[in-house]
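> the following comprises the amino acid sequence and a computationally predicted model.
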Amino acid sequence: MNSIYEKSFDILFVEDEDAIRQNYVRYLKRHFHEVYEAADGQEAYEIYTQKKPHILIVDINLPKMNGLELVRKIRQKDHATKVIMLTAHSDTSYLLEATELKLSKYLIKPVTRDELSGALKLAIRELSHFEVASKLHIILRDGFVWDCDRKELLYKNTEVLLTNKERKVLILLLSNPNSTFSYDDIIFDVWYDTSEDRIDALKTIIKNLRKKIPKECIKNVFGVGYKIELH
């Protein structure tokens with residue numbers, strides 16, 4: 001694995017057997033920015049909620065909350081975090097259930113370093129090229145992602161609350177990133193009219209949106225309109 005490439009990602013390793021967990025945590029710390037560890041599903045969910053790691057490596061057989069229950073709970077709101085599932089089971093029913101949870105990889109124990117390395121490279125590739133790998137998401141920057149399917153703005157996989165009009169403006173601007181939309185086009189899309197008195201209301205929406213997304217993401221094209229710039 002390319003350690004420099006992975007140093008920008010955080011990972012959570014969930015395994016109840018101390019010796020196995022400690023062994024892999026030492027290995028992962030050489031490659032990732034932050035490595036968190038948990039011995040049961042409940043502890044893992046609390047760490048996930050607080051730290052929002054990019055990748056989870058989860059054993060199915062965990063106390064308090066098993067791996068499938070843990071990932072199912074995470075997937076209720078988060079479809080971006082990458083999950084690698086470890087299991088001693090090759091049972092088809094486990095595999096089918098795990099498949100529904102949008103896993104990056106499902107590995108049968110005992111897992112070799114090469115197998116784990118391959119799974120991590122896949123997860124990293126999905127994260128690094130998310131804007132190419134999935135047309136349902138647009139990567140802004142600084143941890144912000146626009147979910148095109150759900151029409152949601154996410155920050156480190158947590159939804160950012162938007163008003164209806166803020167959401168309409170983002171939907172329009174992100175329908176063609178780096179392209180300028182005129183004031184009239186935006187106003188009509190939000191209010192279905194082009195009254196001149198709407199311009200101040202639009203400026204207020206833009207001002208509030210700028211507080212919720214990366215700095216200088218929305219650009220004002222003087223005398224024309226607005227655009228979202230992606231880098």
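Thanks, I have it.
> can you tell me how far Arg30 is from Arg113?
12 Å (CB to CB, to the nearest Å). C-beta coordinates here come from the backbone N, C-alpha and C atoms, glycine included.
> which secondary element of this protein has the worst mean pLDDT?
Least confident element among the helices and strands of the chain, by mean pLDDT, DSSP states H and E: helix 130-133 (a mean of 42).
> going by neighbour count, list what's buried in the lengthiest helix in the chain.
Counting residues, the longest helix in the chain under DSSP state H turns out to be helix 113-128. If you call a residue buried by 16 or more other CB atoms under 10 Å, then helix 113-128 has these buried ones: 115-116, 119-121, 123-124, 126-127.
> do the same with stretch 71-90
Residues of stretch 71-90 classed as buried: 71, 74, 78-87 (neighbour count, 16+ other CB under 10 Å).
> how about TSV for those, with distance to Ile187 and secondary structure added?
Shown next, in TSV, are those (distance: CB to CB, whole Å; DSSP: H, G, I helix; E, B strand; the rest coil):
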residue	distance to Ile187	secondary structure
Val71	43	helix
Ile74	39	helix
Asp78	34	coil
His79	33	coil
Ala80	32	coil
Thr81	37	coil
Lys82	40	strand
Val83	42	strand
Ile84	47	strand
Met85	48	strand
Leu86	53	strand
Thr87	54	strand
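> nearest to Tyr24, of those?
Leu86 (9.6 Å; CB to CB).
> these two touch, right, the closest one and Ile57?
Yes - with contact defined as CB atoms under 8 Å, Leu86 counts as touching Ile57 (6.5 Å).
> what's the most distant pair in the buried residues of stretch 71-90?
By the measure CB to CB, Ala80 and Thr87 form the most distant pair in the buried residues of stretch 71-90, at 22.7 Å.
> pLDDT weak spots in this structure?
Within the chain, the segments meeting pLDDT under 70 span 1-8, 89-99, 128-136, 194-196, 231.
> domain ranges for this protein?
What automatic domain parsing lists as the domains of the chain is 3-128, 137-228.
> most tightly packed of these?
Most buried of the domains of the chain, by mean neighbour count (mean count of other CB atoms under 10 Å): domain 3-128, with a mean of 17.
> and it, how far from the chain's centre?
How far domain 3-128 lies from its chain's middle: 15 Å, per CA atoms, centre = their mean, to the nearest Å.
> again, but for stretch 198-209
So, by CA atoms, centre = their mean, the centroid of stretch 198-209 is 28 Å from its chain's centroid.
> likewise for stretch 166-185?
With CA atoms, centre = their mean, you get 22 Å for stretch 166-185.
> quote the end-to-end distance of that stretch.
Stretch 166-185 has its terminal residues 15 Å apart, counting by CA to CA, to the nearest Å.
> give me the residues contacting that stretch.
Residues outside stretch 166-185 that contact it (CB atoms under 8 Å, 6 or more residues apart in numbering): 138, 146, 148, 151, 153, 162, 186, 189-190, 194, 199, 202, 205-206, 208-209, 212-213, 218, 221, 224-230.
> the same query, at a cut-off of 6 Å, please.
138, 146, 189-190, 194, 205, 209, 221, 224-225, 227-230 (CB atoms under 6 Å, 6 or more residues apart in numbering).
> could those go into CSV alongside distance to Phe181 and secondary structure?
Formatted as CSV, these follow (distance: CB to CB, whole Å; three-state DSSP):
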residue, distance to Phe181, secondary structure
Ile138, 16, strand
Trp146, 16, strand
Asp189, 8, helix
Val190, 11, helix
Thr194, 13, coil
Ile205, 13, helix
Leu209, 13, helix
Val221, 9, strand
Val224, 9, coil
Gly225, 5, strand
Lys227, 7, strand
Ile228, 9, strand
Glu229, 13, coil
Leu230, 15, coil
